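S.K.: Got a predicted structure here, sequence first:
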Number of protein chains: 4
Amino acid sequence: MPRIWHKTLFKLLKKGHFALLGHFPMAHMYVKIGQNCHFYAIPADGFRFEMKPGTTSAFATHACTHQWHNLGEANSMRILITNDDGIYSPGLAALAHIAKQFGDVVVVAPDAEQSSMGHAVTHSRPLSLRTSPVPFEGIEAFRVNGTPADCTALGTHLYSQIDVVLSGINMGLNVGNSMWHSGTLAAAKQAVLLGKKGIALSTPVKNGYPKFDLLQPYINQALEILFQSPGVGLWNVNFPFEPKDIIWTRQSVRQYDGTIVPGLDPNGAKHYWFTVTPLAPAEEGTDRWAIEHDLVSITPLRLDLTDEKELERRQVHQPI
Amino acid sequence: MPRIWHKTLFKLLKKGHFALLGHFPMAHMYVKIGQNCHFYAIPADGFRFEMKPGTTSAFATHACTHQWHNLGEANSMRILITNDDGIYSPGLAALAHIAKQFGDVVVVAPDAEQSSMGHAVTHSRPLSLRTSPVPFEGIEAFRVNGTPADCTALGTHLYSQIDVVLSGINMGLNVGNSMWHSGTLAAAKQAVLLGKKGIALSTPVKNGYPKFDLLQPYINQALEILFQSPGVGLWNVNFPFEPKDIIWTRQSVRQYDGTIVPGLDPNGAKHYWFTVTPLAPAEEGTDRWAIEHDLVSITPLRLDLTDEKELERRQVHQPI
Amino acid sequence: MPRIWHKTLFKLLKKGHFALLGHFPMAHMYVKIGQNCHFYAIPADGFRFEMKPGTTSAFATHACTHQWHNLGEANSMRILITNDDGIYSPGLAALAHIAKQFGDVVVVAPDAEQSSMGHAVTHSRPLSLRTSPVPFEGIEAFRVNGTPADCTALGTHLYSQIDVVLSGINMGLNVGNSMWHSGTLAAAKQAVLLGKKGIALSTPVKNGYPKFDLLQPYINQALEILFQSPGVGLWNVNFPFEPKDIIWTRQSVRQYDGTIVPGLDPNGAKHYWFTVTPLAPAEEGTDRWAIEHDLVSITPLRLDLTDEKELERRQVHQPI
Amino acid sequence: MPRIWHKTLFKLLKKGHFALLGHFPMAHMYVKIGQNCHFYAIPADGFRFEMKPGTTSAFATHACTHQWHNLGEANSMRILITNDDGIYSPGLAALAHIAKQFGDVVVVAPDAEQSSMGHAVTHSRPLSLRTSPVPFEGIEAFRVNGTPADCTALGTHLYSQIDVVLSGINMGLNVGNSMWHSGTLAAAKQAVLLGKKGIALSTPVKNGYPKFDLLQPYINQALEILFQSPGVGLWNVNFPFEPKDIIWTRQSVRQYDGTIVPGLDPNGAKHYWFTVTPLAPAEEGTDRWAIEHDLVSITPLRLDLTDEKELERRQVHQPI
């Protein structure tokens, strides 16, 4: 089975007992489920597939490189899409387009750019929801005068059956310590706070837009894995400009790139920019390291900030 | 009294029945507990002290007239004070006043309320620093047109020798999952990102202002403990309205109080408020539980969001 | 010749092949309609027109009610389009589409809604210009993180040859005293401050979008008149939902519809909405009166706020 | 002497040519009121006044051309104070302090700086009113999360008996065309829209704060004159750094100082500052000219933007 095959199959045949077959132009679409392998087969439009155990795989390279859609279990997913770049971001459109393959989709995104808004929410004024001025290929889409986390809260309030919130595709990475400022990740964290699965997706911008076509198979694969993951779950996924593979990573926490740079306004008054500096190479196995090596990074995150080790040490003397 | 003594005292002799002694270079460490006095002794690292009732000391009399100042090493601490309620908050003034006992203090706080701003930072425009229009008892104080995290970044840029950032005293608790939205905590997290110790302090508001006088001994005690703590460290401290004691806690993560409530504007247009709902009682040992029991809560936090257990489980199959 | 003809003719035919007719209204005003050609005639404040012999006259009444385009002198106009509803407003797109007939067009509009921003400008931070995420039929278009007046200032800075700034088409009227709050009008005022002609265009919204097709001939006519007007000039043009005719008006200043209405937030805290109340019918001859009678209103405005009469009375005793 | 008289006396005679009257109330305090004159005397909390013999009418004539103002009933005035520099501005405090002499005062000001906000109002969210964190010498004072015009609207809603709105003292001039951007003036304009008298007061800032003590007699005099003025009235008052006299002026409209200056952010991205350029000397008799000559400038303004002359010319052809 060629490597490309592994990469482009994007629906997990899970539980390994059977597989899908069907009305497919090819008779021999068999996939063997190996121990450490995750195989995906994509149904053709409206077809049903089955696959017997032990069957093997001339499964069309042609088909799987293009248009494999998930009509399987994940198809019943109810997906809320949001972001922090705002309703007009091409990253949002790309993500909505991809998500449609996995279930019912609704878009609720900020009406203006909300980058670096962190996990801000809007308590001091009411939020308004308006129909998106840009169409999303038949997907219901709304803009909100709020933050990414507001959008998750409002979207899941209005569409209470939502299973998962996808946030992105952010035009810019969200790895390492910079994820603290990320509105993209905050929308996914907000999902988890509200009992939904949350997945943040980000990619760097180099001289123009990301090549979403290039990313699509990796996005598909990542979503399939994470949609299948039991429980709620919070996941931070970053895609390099041209991905080669996908790995599980941890957050890179040793370095931080935020810095203050002074400047002058036209009247000569001093001011200060919060900007970023280049970092030294990251530690192996971290999200930033993965990107540095053209690997898609999936980091499982948690929402409990407690420092367990420190707490354990301290609680020896309790009360203080 | 030798300098070493000053350095090592840090533990509150509470309830007046006994005090701590121990492994201490001096034999005569006695502290008399006066009626309205709060006495603190600072243990050496990991030592236990005891003090017999009725012991006296010129040291004690003198010291307790000023409510216990840190006369030791911590006195040379360089402290940045910020908050998310803005430069005019009485909580900020109260904290600056208390912090002065511990070292050199500078105030750099937002010029407007920044509640629920989470860990937002300002990349899209420069920040301006202006002298505070309200005085801080001889403390240098500035207002910034930015977020709490901006203030930490700018303050530590301008005063690079800062050892610790205190954020608060927030007019409102920051416990459990709501800490994700907290600008107060974000300022402390930003400190840690920048290599400084970060401590967030919050207290509830009931029918007016908190009674800072009532809180002061507990604030002193908490700061003394945390200033002594080795390493950088991130701490989230919450004070109940009328504290009885201090305990180490973990973050309460089982419940979340953020919710959306619909409403109508005067033109009959629908809108939505991001508000909070009452929660069921918290799990014992958590920050929220502590407050429910009139206990000051100190929660050690970490900035690594990685879900270690999930990662370990996943990395069995690496690359994906 | 139908009345509508008299109204809509007003532009000189250019390219010298033939020209227009005599003193208006004249008997000899015939224009030959070539294939795919749009012909205009310009009304005349006492001008004389000529037309070469031989031209004939199937000059469609039909045509002139719809699609009179400026192919003449005005074609050399350099037009900046902005608004206060933001770059995504259908009113902006409609105006840019119409303006293309009159010359070279560039769009520089706010990236977010800026309604009721009045004549605010942004001094405290720099403005950024980005390519519009929505296309404008081959027109260069940019979004700015600023107010309508900022957009005029930045647009005319970048395109210094601009002759006229069109602001709108605002989704909502700007008549009477409410024009003080109008960002739409402010963009036009800013144009005049900078030595350019400024024209604000507004129309009411009823159950959805305005019918721009219905408005187009009146917009064309208004622009043709105002583009021809000598000098700089500031004009406030309001279109009723279904216009019947165009008149010159004055600002209605006797009534004001801004009012404060109290309300409660979900926590029971009192707050206040700045909203509007219905007004009694307006005085005849005013902008609001025109709209009430389905008439397009064009109000010439001035930027000198001096109350001349009061000043004259006062200056009898000078110095005070 | 009627009680009202006692109340209204409050202005010191300056320049020492003569002084006031006796211990208050005194029998000799006679002031002849000339036809166009406004006479003032200064109340006396047990002060001694002197007036040279025989000065009754001669004194009056001379004095009234300068600094004698008749406050009369004005002492019963109900005054709303606001500004655009925000609740903490020393200019606001100075104005409130002075206004107290003239009647009942309430302060309702923005909670954050609102410079260059023009006549913006807040429709999209509710306004909140909170007690001012800074005291105003026994004056009720509130901060509002809105614009200067919002503050006028909310203040006059809550205190419907308000007679006059004073806006300022702005830390920066508001003369000539720059008054279009002025939030200070907008608050006064909003007063007039709502049927109250509106007065804007501004002064330049040079190396620190204005010398309000130096300005105070001129502020008193200006207010006395304008409070006496019949009708509603809109007035724009500008004080030079060190005033010599007061004159009536017109708005300077020939020049405009707003300009765009490009710059670079720390990442090298281009941005643009809306800033101001120095102007050539102003035309005599204008507000800016007055300031250039150390004269307080009072400009009567109107809220009718109609260009009467242009309208008259156009209406010859009506309908168009």
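M.R.: Ah, there it is.

S.K.: what bits of chain A have low per-residue confidence?
M.R.: Along chain A, the model assigns pLDDT under 70 to residues A:1-75.

S.K.: can you give me the strands in it?
M.R.: According to DSSP state E, chain A carries its strands in the segments A:19-20, A:50-51, A:77-82, A:103-110, A:129-131, A:140-144, A:164-171, A:197-203, A:234-238, A:245-248, A:258-264, A:270-276, A:295-301.

S.K.: how about CSV for these, with distance to residue D:179 and mean neighbour count added?
M.R.: Yep, even glycine has a C-beta here, placed from its N, CA and C like the rest. Putting the strands of chain A into CSV (distance: least, CB to CB, whole Å; neighbours: other CB atoms under 10 Å in any protein chain shown) gives the following:
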stretch, distance to residue D:179, mean neighbour count
strand A:19-20, 73, 22
strand A:50-51, 77, 16
strand A:77-82, 43, 26
strand A:103-110, 35, 24
strand A:129-131, 35, 15
strand A:140-144, 35, 21
strand A:164-171, 41, 29
strand A:197-203, 47, 28
strand A:234-238, 51, 27
strand A:245-248, 61, 20
strand A:258-264, 28, 16
strand A:270-276, 26, 18
strand A:295-301, 53, 26
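
S.K.: could you redo those as JSON lines and give each row distance to chain D?
M.R.: JSON lines is the format used below for the strands of chain A (distance: least, CB to the nearest CB, whole Å):
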{"stretch": "strand A:19-20", "distance to chain D": "49"}
{"stretch": "strand A:50-51", "distance to chain D": "51"}
{"stretch": "strand A:77-82", "distance to chain D": "21"}
{"stretch": "strand A:103-110", "distance to chain D": "15"}
{"stretch": "strand A:129-131", "distance to chain D": "11"}
{"stretch": "strand A:140-144", "distance to chain D": "12"}
{"stretch": "strand A:164-171", "distance to chain D": "14"}
{"stretch": "strand A:197-203", "distance to chain D": "18"}
{"stretch": "strand A:234-238", "distance to chain D": "20"}
{"stretch": "strand A:245-248", "distance to chain D": "30"}
{"stretch": "strand A:258-264", "distance to chain D": "4"}
{"stretch": "strand A:270-276", "distance to chain D": "4"}
{"stretch": "strand A:295-301", "distance to chain D": "24"}
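
S.K.: Could you export those as a markdown table, including distance to residue D:224?
M.R.: Output for the strands of chain A, formatted as a markdown table (distance: least, CB to CB, whole Å):
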| stretch | distance to residue D:224 |
| --- | --- |
| strand A:19-20 | 90 |
| strand A:50-51 | 94 |
| strand A:77-82 | 59 |
| strand A:103-110 | 52 |
| strand A:129-131 | 51 |
| strand A:140-144 | 52 |
| strand A:164-171 | 60 |
| strand A:197-203 | 64 |
| strand A:234-238 | 67 |
| strand A:245-248 | 78 |
| strand A:258-264 | 44 |
| strand A:270-276 | 42 |
| strand A:295-301 | 67 |
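
S.K.: Which stretches in the stretch 1-150 of chain A count as helices?
M.R.: All helices of the stretch 1-150 of chain A, identified by DSSP state H, counting those that start in this stretch, fall at A:3-8, A:61-66, A:90-99, A:148-158.

S.K.: in terms of contact, does residue A:181 touch residue A:118 like I think?
M.R.: Yes. Counting by CB atoms under 8 Å, residue A:181 does reach residue A:118; the two are 5.2 Å apart.

S.K.: got the residues of chain A near chain C?
M.R.: A:88-90, A:111-113, A:126, A:133-134, A:265 (CB under 8 Å from any CB of the partner chain).

S.K.: who wins for neighbours among those residues?
M.R.: residue A:126 (27 neighbours; other CB atoms under 10 Å in any protein chain shown).

S.K.: Cross-check the contact I'm expecting between it and residue B:275.
M.R.: No. Counting by CB under 8 Å, residue A:126 stays clear of residue B:275, with 9.8 Å between them.

S.K.: Overlap of the contact sets of those two?
M.R.: Residues touching both residue A:126 and residue B:275 (CB atoms under 8 Å, 6 or more residues apart in numbering or on different chains): residue C:265.

S.K.: Contact partners for the residue of the stretch 151-300 of chain A found nearest chain C?
M.R.: Using CB to the nearest CB, the closest approach of the stretch 151-300 of chain A to chain C is made by residue A:265 at 7.9 Å. The contact partners of residue A:265, by CB under 8 Å, 6+ apart, come to A:271, B:126, C:126, D:273, D:275.

S.K.: ok, 10 Å please
M.R.: A:271, B:126, B:128, C:123-126, D:261, D:263, D:273, D:275 (CB atoms under 10 Å, 6 or more residues apart in numbering or on different chains).

S.K.: and which of those residues is nearest to residue D:299?
M.R.: residue C:123 (22.6 Å; CB to CB).

S.K.: and that closest one, how many neighbours?
M.R.: Residue C:123 has 17 nearby residues by other CB under 10 Å.

S.K.: Next up, phi/psi of it, please.
M.R.: Backbone torsions for residue C:123, taken as degrees, to the nearest 10, come to phi -100, psi -20.

S.K.: list the contacts for it?
M.R.: For residue C:123, the contacting residues are A:265-267, C:150, D:115-116, D:181, D:258, D:273-276, by CB under 10 Å, 6+ apart.

S.K.: what's near enough to touch the nearest residue to residue A:97 once chain neighbours are set aside?
M.R.: Of all residues not flanking residue A:97 in the chain, residue A:137 sits nearest, at 6.5 Å (CB to CB, 6 or more residues apart in numbering or on different chains). Residue A:137 is in contact with A:93, A:96-97, A:100, A:105, counting by CB under 10 Å, 6+ apart.

S.K.: at 8 Å instead, please
M.R.: A:96-97, A:100.

S.K.: What is the nearest of those residues to chain D?
M.R.: For these, the nearest to chain D is residue A:96 (26.5 Å; CB to the nearest CB).

S.K.: Distance-wise, check that closest one relative to residue A:216.
M.R.: 13 Å (CB to CB, to the nearest Å).

S.K.: Comparing those two, which residue is more hemmed in?
M.R.: Higher neighbour count among residue A:96 and residue A:216: residue A:96, with 22 against 18, using other CB under 10 Å.

S.K.: isn't residue A:109 right up against residue A:83?
M.R.: Yes. Counting by CB under 8 Å, residue A:109 touches residue A:83, with 5.4 Å between them.

S.K.: which residues are common contacts for those two?
M.R.: A:89, A:92.

S.K.: ok and the residue in the stretch 51-200 of chain A nearest chain D?
M.R.: Counting by CB to the nearest CB, the stretch 51-200 of chain A gets nearest chain D through residue A:125, at 3.7 Å.

S.K.: and the residue nearest to that residue when sequence neighbours are not counted, backbone torsions?
M.R.: Spatial nearest neighbour of residue A:125, chain neighbours left out: residue D:125 (3.7 Å); criterion: CB to CB, 6+ apart. Note on residue D:125: backbone dihedrals following degrees, to the nearest 10 are phi -150, psi 160.

S.K.: Please list all residues in contact with residue A:179.
M.R.: A:185, A:236, A:251, B:305.

S.K.: Name the residues of chain A found near chain D, please.
M.R.: A:124-126, A:128, A:145, A:261, A:263, A:265-267, A:273, A:275.

S.K.: can you tell which of the strands of chain A is closest to residue D:165?
M.R.: Residue D:165 lies closest, by CB to CB, to one member of the strands of chain A: strand A:270-276, at 33.3 Å.

S.K.: which residues are contacting that closest one?
M.R.: So strand A:270-276 is contacted by A:178, A:257-265, B:121-123, B:126-129, B:146, B:150, B:153-154, B:157, D:265-267 (CB under 8 Å, 6+ apart).
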